[in-house]
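> Below are the sequence and a predicted model; questions follow.
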Amino acid sequence: MRKILFASSEVHPLIKTGGLADVSASLPIALSESGQDIRIIIPAYRRCLESLTEIRTVATIKLDGYHKPVEILQSTLPDTNVPLYLLHSPEHFDREGGPYSQAKDGDWEDNPARFALFSRAIAKLAINEAGLDWQPDILHCNDWQTGLAPALIADLENRPATVFTIHNLAYQGLYSRDVFDALDLPESFWHSESIEFYDLMSFMKGGLIYADHITTVSPTYAREICSYEFGYGLEGLLTLRAQQGRLTGILNGIDKHEWNPEQDHYLVKKFSAKTVRYKSDNKAALQNEYGLPQKDDVLLIGLISRLVSQKGIDISIAAISRLLHSNATIQLICLGSGESHYEQDLRILRAHYPDKVGVHIGYDEGLSHRIEAGADVFLMPSRFEPCGLNQLYSLRYGTLPIVRNTGGLADTVVDATEQNRKDELATGFKFEASTPQALEHTLGTVIDLFQRPRIWRKMMMTAMAQDYSWNKSAEMYLALYHKLT
């Protein structure tokens, strides 16, 4: 049995902005079910405190860089037995808004102080200096918000082995020298062989430099980040870590209980591979929910996304606009929020085609399930995608993904080539170039195949037969932990 401290800035269902939250719940649950003593630590955001019913204070500690003592609270992850620690510093985390930003005015200005404090608390727990009488064998940190923790304990003799997972290298936690000075970090950190990065400090680089092993969330993304296109200036360091055998791509899994069309309480009609005909009931209900004509013979395209450039939203809007202008038999439903100009572009598209486009700006967990269940295809034309989870949810619900051939999308979707269809391997559609023309061409292929029900149904069955549960991925993490300890 391994003792593992799992550090993350968001955990579903307590606080979520993206896939990190899903992974930070599902992986610890899978490791706990395999008999490991795993405990999660997150900041005590207001939303977390409001969501948990039983919370107790287990420690009060003093951390460098902050003048007041902070508390370590303990609870359990909802509907599990996984222990949950929360760093309670009201000045830093007890506020309205998201974990990183205000509702409308961008990132919190004190994010460096907030997540430096969080990393310091993680470090204290990792070396058993928080008064909890528990020390992990493994400290597993996730993304830039935890990146300083491996750096802070790197030179200590009694430290655990450290793993740092990159969920998205595009977000590195970059701040000025003035911010570095204000955080009261060791001066030795301001060096190109430490967290200094082109005259800035990089929280992310703390994890990459000092962790014993780096993982990322798909094998293809692990290779991509060693290149200039995807490395964001860190490709040299990451290539070195790969050559040293210290960089591994481990594909994310999904919670097969939460994302299961046979028991999904959000659906109007549950279904399985044997009763896939009930998927049409969910399609009709979804069309009705978005105020669209209920037509079973129209290709219903689902899109759930952060509305940012990375996700290829501009590519989607341009390609769909061209198809709608040519009277293609399609409908688009969208759920998401992000950059205001993309939100406005979607509203304009809906205004031009009110009987073919439905838009919901924001996020709704139940609606996301109904889109996965009711859509015929799911659109993910990401410019880069470390892993992606929605395409995995789509496969489980018989909703064929349309993806760009990058990152985790490349690892999880088998393209509907003629040979792959003949071999009953095809589970979706891939395209290469990050252009509206490439997506439009692929959508043309999709529309043609949708008119061939036997082929389409066979692809749905193949998609639903895929197993992307956490079991295999959790075993790979356990093997890595074993190697490190």
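All right, it came through fine.

> Low-confidence stretches in this structure?
Across the chain, the ranges flagged by pLDDT under 70 are 105.

> Can you give me the domain boundaries for it?
For the chain, the domain assignment from automatic domain parsing gives the residue ranges 3-253+470-484, 276-464.

> Let me have those domains in JSON lines, adding mean neighbour count and distance to residue 260 as columns.
Heads up, the C-betas are built off the backbone N, CA and C, glycines and all. Shown next, in JSON lines, are those (neighbours: other Cβ atoms under 10 Å; distance: least, Cβ to Cβ, whole Å):
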{"stretch": "domain 3-253+470-484", "mean neighbour count": "19", "distance to residue 260": "13"}
{"stretch": "domain 276-464", "mean neighbour count": "19", "distance to residue 260": "7"}
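
> ok, which stretches of the stretch 251-400 of the chain are helices?
279-289, 313-325, 340-352, 365-374, 390-396 (DSSP state H, counting those that start in this stretch).

> Just list the residues touching the residue nearest to residue 159 when sequence neighbours are not counted, thanks.
Once flanking residues are discounted, residue 159 sits nearest to residue 153: 4.3 Å by Cβ to Cβ, 6 or more residues apart in numbering. Neighbour list for residue 153: 123, 126, 127, 139, 159, 160, 162 [criterion: Cβ atoms under 8 Å, 6 or more residues apart in numbering].

> so which pair among these is furthest apart in space?
Using Cβ to Cβ, those span at most 11.3 Å, a distance reached by 127 and 162.

> So which of the contacts of residue 153 are in helices?
The members of those that map onto helices under DSSP state H are 123, 126.

> From the contacts of residue 153, pick the one nearest residue 422.
Using Cβ to Cβ, residue 162 comes nearest to residue 422 of the contacts of residue 153, at 47.1 Å.

> Contacts only, for the closest one.
138, 139, 140, 141, 149, 150, 153, 154, 210, 211, 212, 213.

> quick one on the thing from earlier: as CSV, the helices of the stretch 251-400 of the chain with distance to residue 250 would be great.
Below are the helices of the stretch 251-400 of the chain laid out as CSV (distance: least, Cβ to Cβ, whole Å):
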stretch, distance to residue 250
helix 279-289, 31
helix 313-325, 28
helix 340-352, 31
helix 365-374, 24
helix 390-396, 14
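
> for the ones you listed, which one sits closest to residue 475?
Checking the helices of the stretch 251-400 of the chain against residue 475 by Cβ to Cβ gives helix 390-396 as the closest, at 17.5 Å.

> Can you lay out the contacts of residue 162 as JSON lines showing distance to residue 385?
Converted to JSON lines, the contacts of residue 162 look like this (distance: Cβ to Cβ, whole Å):
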{"residue": "138", "distance to residue 385": "27"}
{"residue": "139", "distance to residue 385": "27"}
{"residue": "140", "distance to residue 385": "22"}
{"residue": "141", "distance to residue 385": "22"}
{"residue": "149", "distance to residue 385": "26"}
{"residue": "150", "distance to residue 385": "25"}
{"residue": "153", "distance to residue 385": "32"}
{"residue": "154", "distance to residue 385": "31"}
{"residue": "210", "distance to residue 385": "27"}
{"residue": "211", "distance to residue 385": "23"}
{"residue": "212", "distance to residue 385": "27"}
{"residue": "213", "distance to residue 385": "23"}
